[in-house]
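**Q** Fold the following for me, if possible:
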Amino acid sequence: MSEAEELLSTPAEWDLPPERHRHFKDVLMQQIDHDTAVTPRRSRFLRPAVLVPLASAALAGALLVTLSVDGRGPATGPAPSVTTAGASVTLNRIATAAMASDTVRVRDDQFVYVRTLVRENMGDFSGPVRLGALHTEERWTSQEPGPLRVTGWIKASGKDAIMPDQMLPIESPDPRPEGVDHPTYRWLASLPTDPDALLARLRKEARPVEGESRDQAVFSLIGDLIGGTIMPPANAAAFYKAAAKLPGVREIPDAVDAAGRHGIAITLDDTGFATRDEWIFDKETLALLGSRFYVTDPDRGITTETLFGTTAVMQTAVVGGKGEVPARAAAR
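**A** This next block holds a predicted model:
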């Protein structure tokens with residue numbers, strides 16, 4: 001068995017949410033190509049509604065070390081057009097829209113299905129960023145309270161997809177009970193709907209990596225949950241209101257998701273960390289459209305803030321089992 005094959009059969013040492021692992025999973029194919037084993041040094045905090053597949057977890061963590069430890073200087077490129085005062089107002093408007101949305105209840109024996117369009121870095125591990133072709137990722141997240149080792153499944157398809165058309169387990173080395181590491185609908189519904197109480201809870205749950213502030217870790221955690229789960233409207237509204245209370249949250253008046261849809265973006269600038277996330281919302285309905293991810297990594301020659309990946313949420317639904325695909329919803 002080659003070293004790369006051994007690596008793929010080794011239990012994961014990191015569990016990364018998809019919204020984070022999109023930054024980093026390019027290293028998987030590079031390491032397979034080079035047949036090189038990686039000895040990881042650090043762990044990203046666990047947020048399993050949205051864990052990475054077993055095959056890419058350790059390698060994604062290794063790349064995160066490069067970005068957060070060796071490349072943690074502030075972005076030096078031109079800053080996007082942003083407004084600080086508008087972010088709180090916009091997030092509270094988004095919360096109001098979320099509160100008015102239809103209630104979709106999810107049973108413990110069901111799965112949350114999310115279909116996204118993705119563009120991510122396909123460039124060389126030691127070189128500049130090169131965004132690959134747009135492809136599709138589908139996720140099925142189990143709602144069983146657990147504890148579970150396999151909390152869901154993921155499948156990618158299209159040009160530049162990692163392991164195309166293979167159903168891969170979203171697996172962790174130890175069983176996860178429902179909670180921040182396995183956020184079921186039932187657990188999300190149990191969270192405080194008071195924004196201050198929720199923010200206090202999230203500050204305790206978030207586990208920043210080196211170079212990352214706790215506020216940035218909370219922002220990323222909220223982004224993972226709103227983009228990868230289904231929750232009651234009151235809880236969704238509370239997440240947006242909690243995000244509005246984070247210092248440094250900013251609004252970007254115009255941003256484009258992976259599907260080419262324009263919207264309003266919310267971001268949090270943490271100059272001590274090497275990455276920056278944006279959440280993109282429809283300007284009229286205020287529904288979540290997708291995300292964009294930026295990176296700075298001087299050791300790789302990325303000295304200005306560079307787009308590292310982008311997504312578009314195309315469909316979220318409740319299904320009866322893994323692999324089940326709902327009828328296609330009209331694109332937003």
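**Q** pLDDT value on the nearest residue to residue 240 once chain neighbours are set aside, please?
**A** Among residues not flanking residue 240 along the chain, residue 95 sits closest, at 3.9 Å (Cβ to Cβ, 6 or more residues apart in numbering). Backbone N, C-alpha and C define where each C-beta goes, glycine included. At residue 95, the model reports a pLDDT of 98.
**Q** Are we agreed that residue 95 is in a helix?
**A** Yes - applying DSSP: H, G, I helix; E, B strand; the rest coil, one finds residue 95 inside a helix.
**Q** Run a quick neighbour tally on it.
**A** 23 (other Cβ atoms under 10 Å).
**Q** how much space between it and residue 88?
**A** 11 Å (Cβ to Cβ, to the nearest Å).
**Q** Where does the prediction get shaky in the stretch 151-300 of the chain?
**A** Of all residues in the stretch 151-300 of the chain, none has pLDDT under 70.
**Q** May I see the buried residues of stretch 91-99?
**A** By 16 or more other Cβ atoms under 10 Å, the buried positions in stretch 91-99 come out as 91, 92, 93, 94, 95, 97, 98, 99.
**Q** Assess the claim that the third one and residue 283 are in contact.
**A** Put plainly, it is residue 93. No - Residue 93 is beyond contact range of residue 283, at 10.7 Å (criterion: Cβ atoms under 8 Å).
**Q** Make sure residue 179 is actually in contact with residue 187.
**A** Yes - judged on Cβ under 8 Å, residue 179 makes contact with residue 187 at a distance of 5.9 Å.
**Q** Pull the number of nearby residues for residue 226.
**A** 21.
**Q** Distance check, it against residue 271.
**A** Per Cβ to Cβ, residue 226 is found 24 Å from residue 271.
**Q** Now for the nearest residue to residue 182 once chain neighbours are set aside, how many residues are close by?
**A** Nearest residue to residue 182, sequence neighbours excluded (Cβ to Cβ, 6+ apart): residue 176, at 4.1 Å. The number of residues packed near residue 176 is 22, by other Cβ under 10 Å.
**Q** these two touch, right, residue 176 and residue 187?
**A** No - with contact defined as Cβ under 8 Å, residue 176 does not reach residue 187; the gap is 11.0 Å.
**Q** nearest to residue 220, of the buried residues of stretch 91-99?
**A** Residue 220 has its nearest neighbour among those in residue 91, at 15.6 Å by Cβ to Cβ.
**Q** that's a helix at the closest one, yeah?
**A** Yes - secondary structure of residue 91 (three-state DSSP): part of a helix.
**Q** which non-adjacent residue is nearest it?
**A** Nearest to residue 91 is residue 244, by Cβ to Cβ, 6+ apart, at 3.8 Å.
**Q** residues touching the residue nearest to residue 328 when sequence neighbours are not counted, list them.
**A** Closest residue to residue 328 apart from its sequence neighbours, by Cβ to Cβ, 6+ apart: residue 315 at 7.0 Å. Contacts for residue 315 (Cβ atoms under 8 Å, 6 or more residues apart in numbering) come out as 113, 114, 115, 326, 328, 329.
**Q** before we move on, what about residue 244?
**A** 87, 88, 91, 92, 95, 195.
**Q** The same query, at a cut-off of 7 Å, please.
**A** Going by Cβ atoms under 7 Å, 6 or more residues apart in numbering, residue 244 touches 87, 88, 91, 92.
**Q** what about it, distance to residue 145?
**A** 31 Å.
**Q** thinking again about what came up before, which single one of the contacts of residue 315 is nearest to residue 235?
**A** residue 114 (17.1 Å).
**Q** pretty sure that closest one is touching residue 316, no?
**A** Yes - counting by Cβ atoms under 7 Å, residue 316 is a contact partner of residue 114 at 5.2 Å.
**Q** So if I had to pick from the two, which one is more boxed in?
**A** residue 114 (24 against 19).
**Q** send the alpha carbons of whichever helix or strand residue 316 is part of over as PDB?
**A** Using DSSP states H and E, residue 316 sits within strand 302-319. Extracted C-alpha coordinates of strand 302-319, given in PDB (Å, rounded to 0.1, in the frame of the first residue of the first chain):
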ATOM      1  CA  ILE A 302       0.300  35.500  -1.700                       C
ATOM      2  CA  THR A 303       1.000  38.900  -0.200                       C
ATOM      3  CA  THR A 304      -2.300  40.600  -1.000                       C
ATOM      4  CA  GLU A 305      -5.700  39.300  -0.100                       C
ATOM      5  CA  THR A 306      -6.700  36.800  -2.700                       C
ATOM      6  CA  LEU A 307     -10.000  35.000  -3.500                       C
ATOM      7  CA  PHE A 308      -9.400  31.400  -2.400                       C
ATOM      8  CA  GLY A 309     -12.800  29.900  -2.900                       C
ATOM      9  CA  THR A 310     -16.500  30.700  -3.400                       C
ATOM     10  CA  THR A 311     -19.800  28.800  -3.000                       C
ATOM     11  CA  ALA A 312     -23.500  29.200  -3.800                       C
ATOM     12  CA  VAL A 313     -26.200  27.400  -1.800                       C
ATOM     13  CA  MET A 314     -28.600  26.100  -4.500                       C
ATOM     14  CA  GLN A 315     -30.900  23.900  -2.500                       C
ATOM     15  CA  THR A 316     -31.600  23.000   1.100                       C
ATOM     16  CA  ALA A 317     -34.200  20.300   1.900                       C
ATOM     17  CA  VAL A 318     -35.200  17.500   4.300                       C
ATOM     18  CA  VAL A 319     -34.900  13.900   2.900                       C
END
